[in-house]
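**Q** next one to model:
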Amino acid sequence: MRIERRTSDPADAPGLAASLRAANPDPPGIAAAVAETIDRVRREGDDALADLGERFDGTAARSLRVDPGEIERALASAPASLRAALELSAGNVRAVAEAQRGTAASATLAQGQRVEVAEVAVGAAGIYVPGGRAPYPSSVVMGVVPARAAGVRRIAVASPPGESGLPDDAILAAAAIAGADEVYAMGGAQAIAALAYGTETVASVDVIAGPGSPWVQEAKLQCSRVVGIDGYAGPSEIVVVCDGSAPAEWVALDVCAQAEHGDDGLLVVASNDSGLLDQVGDAVVALATERPSVADATLHLVDVGDLAEGAALAEALAPEHLELICPEAAALAEGLTTPGCVFAGAGSATAFGDYAAGSNHVLPTGGAGRFTGPLGPGTFRRRISRVEIGADAAAALAGPVDEIARAEGFPVHGESALARRNDPGEGE
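**A** Coordinates of the predicted model:
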């Protein structure tokens with residue numbers, strides 16, 4: 001693993017944040033290739049999925065939709081320890097998701113009309129689960145459980161097939177535990193296109209969520225005019241802000257854990273203790289050489305004047321994961337608003353959130369924490385307004401509506417309102 005040392009400028013946290021992000025630019029040339037893939041799936045349906053899937057996934061799907069019997073077989077044959085772990089994870093994620101469900105708000109206004117803003121679930125959701133480097137049953141749990149808690153009627157999982165022509169058994173077992181209704185053996189940008197537009201076999205959905213490669217994320221963006229998406233889930237990110245009390249090996253393990261996702265992630269450790277940064281750098285190099293799952297990523301070690309300066313850098317970076325390891329971690333966490341998920345205290349490793357703590361591991365990346373948050377039931381719910389205007393309210397509102405409508409050059413809008421004032425209609 002490569003180590004880069006930097007020194008923070010207390011007057012320019014945004015500048016350092018921009019410099020750190022610029023060290024990992026987006027891969028070029030993806031947009032045009034993804035657009036071609038989406039177009040083929042829209043035009044050719046299942047035939048395009050079969051051809052593109054075999055070309056990009058390296059294997060042909062046994063069938064696009066996985067037979068429910070295969071899902072039951074995978075669940076029954078799953079190792080007991082894995083099944084128990086997935087059930088614990090799903091239970092914790094479900095408890096947190098159900099606690100987030102919103103309630104309706106209504107108001108009766110001065111003119112007498114009643115306006116209600118309610119939350120309703122979307123009809124169908126698609127959960128994308130990567131399967132290239134390794135199977136990710138945890139992503140099944142993180143996507144399906146909140147969708148089910150939100151009240152979605154139909155939940156479809158899409159994941160690339162392996163050598164058997166099916167998604168990995170761990171993914172199928174997780175789909176059964178989490179409560180998915182359908183599983184499709186398809187991956188990449190073509191899977192996103194199928195979920196968005198539908199094919200002969202795959203019915204379209206209303207929202208697509210889940211992590212994936214840059215091609216998958218680009219496809220979500222390009223399809224977002226016809227389907228809702230959770231956001232752009234880019235390379236994994238971790239920022240650790242710590243003082244000299246932090247165990248250097250724990251910090252090094254946390255950084256190496258996120259490096260397992262690939263060499264294009266953002267890895268930053270900021271501390272006011274220069275000696276600790278030296279120890280973390282040495283520990284990371286030693287750990288990475290002994291662990292083949294740790295990619296050849298770059299770790300940025302940042303000297304900061306104090307923990308407040310480190311917190312300011314974290315706020316400017318808006319990272320996917322932020323760890324605060326210092327005695328005042330809880331107090332620092334309260335003042336931060338942009339990270340996707342904050343882990344406060346030495347015991348709060350990001351790995352717990354990735355799998356079983358109950359928080360969601362599908363988090364905003366690339367600084368998107370400034371305007372969006374973790375995947376949750378709200379991703380699969382939308383607001384709907386319901387308005388009731390009786391005769392008295394119509395009489396009070398018609399004149400102002402007519403005035404505004406005529407000012408905008410839409411006189412028939414005014415006539416529509418005035419008609420209710422003059423003749424409220426039956427039942428008023």
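
**Q** what stretches of this protein score poorly on pLDDT?
**A** 132, 423-428 (pLDDT under 70).

**Q** let me see the domain layout of it.
**A** 2-24+235-357, 30-102+122-230, 389-422 (automatic domain parsing).

**Q** V255: what's it in contact with?
**A** I238, V240, L267, V269, V280, V284, L299 (CB atoms under 8 Å, 6 or more residues apart in numbering). All C-beta atoms are positioned from the backbone trio N, CA, C, and that covers glycine.

**Q** quick one: secondary structure of the residue lying closest to G335 once chain neighbours are set aside?
**A** Nearest residue to G335, sequence neighbours excluded (CB to CB, 6 or more residues apart in numbering): A311, at 6.9 Å. Secondary structure, DSSP: H, G, I helix; E, B strand; the rest coil: A311 is helix.

**Q** verify the stated contact: A311 with T337.
**A** No. The pair A311 / T337 is not scored as a contact, 11.0 Å apart, by CB atoms under 8 Å.

**Q** these two: which has the busier surroundings?
**A** A311 (23 against 10; other CB atoms under 10 Å).

**Q** so that one versus L75, what's the distance?
**A** 44 Å (CB to CB, to the nearest Å).

**Q** what does the longest helix along the chain contact?
**A** For the chain, the helix with the greatest residue count under DSSP state H is helix 80-99. Outside helix 80-99, the residues that touch it by CB under 8 Å, 6+ apart are 75, 78, 137-138, 141-142, 145-146, 148-150, 170, 173-174, 177-178, 355-360, 376-377.

**Q** which is the next helix or strand following it?
**A** Using DSSP states H and E, the helix or strand that directly follows helix 80-99 along the chain is strand 105-108.

**Q** direction included, what does that next one pair up with?
**A** strand 114-121 (antiparallel) (DSSP bridges).

**Q** please identify the pairing partners of the very next helix or strand once past the strand it pairs with and their relative orientation?
**A** Next helix or strand after strand 114-121 toward the C-terminus (DSSP H and E): strand 124-128. The pairing partners recorded for strand 124-128 under DSSP bridges are strand 154-159 (parallel), strand 207-209 (parallel).

**Q** counting contacts, what elements does the strand or helix carrying D47 pack onto?
**A** In this structure, D47 sits in helix 46-57 according to DSSP H and E. Here helix 46-57 touches helix 30-44, helix 188-197, going by 3 or more CB pairs under 8 Å, 6 or more residues apart in numbering; DSSP states H and E.

**Q** of these, flag the one that's most buried.
**A** helix 188-197 (a mean of 28; mean count of other CB atoms under 10 Å).

**Q** what's the angle between it and helix 30-44?
**A** 50 degrees (axes from the mean of the first three to the mean of the last three CA atoms, to 10 degrees).

**Q** which other helices and strands contact helix 188-197?
**A** helix 30-44, helix 46-57, strand 124-128, strand 154-159, strand 207-209, helix 214-223.

**Q** run through the residues that contact the spatially most central residue of the chain.
**A** In the chain, the centroid-proximal residue (CA atoms, centre = their mean) is V362; its distance is 3.7 Å. When contacts are counted by CB under 8 Å, 6+ apart, V362 touches S139, M142, G143, A209, G210, P211, D230, A233, P374, L375.

**Q** how about 7 Å then?
**A** Residues in contact with V362, defined by CB atoms under 7 Å, 6 or more residues apart in numbering, are M142, G143, A209, G210, P211, D230, A233, P374, L375.

**Q** and of the domains of the chain, who's closest to A110?
**A** Closest approach to A110 among the domains of the chain is made by domain 389-422 (8.1 Å; CB to CB).

**Q** buried residues, that closest one. List them.
**A** Residues of domain 389-422 classed as buried by neighbour count (16 or more other CB atoms under 10 Å): 389, 393-398, 401-402, 405, 414, 417-418, 420-421.
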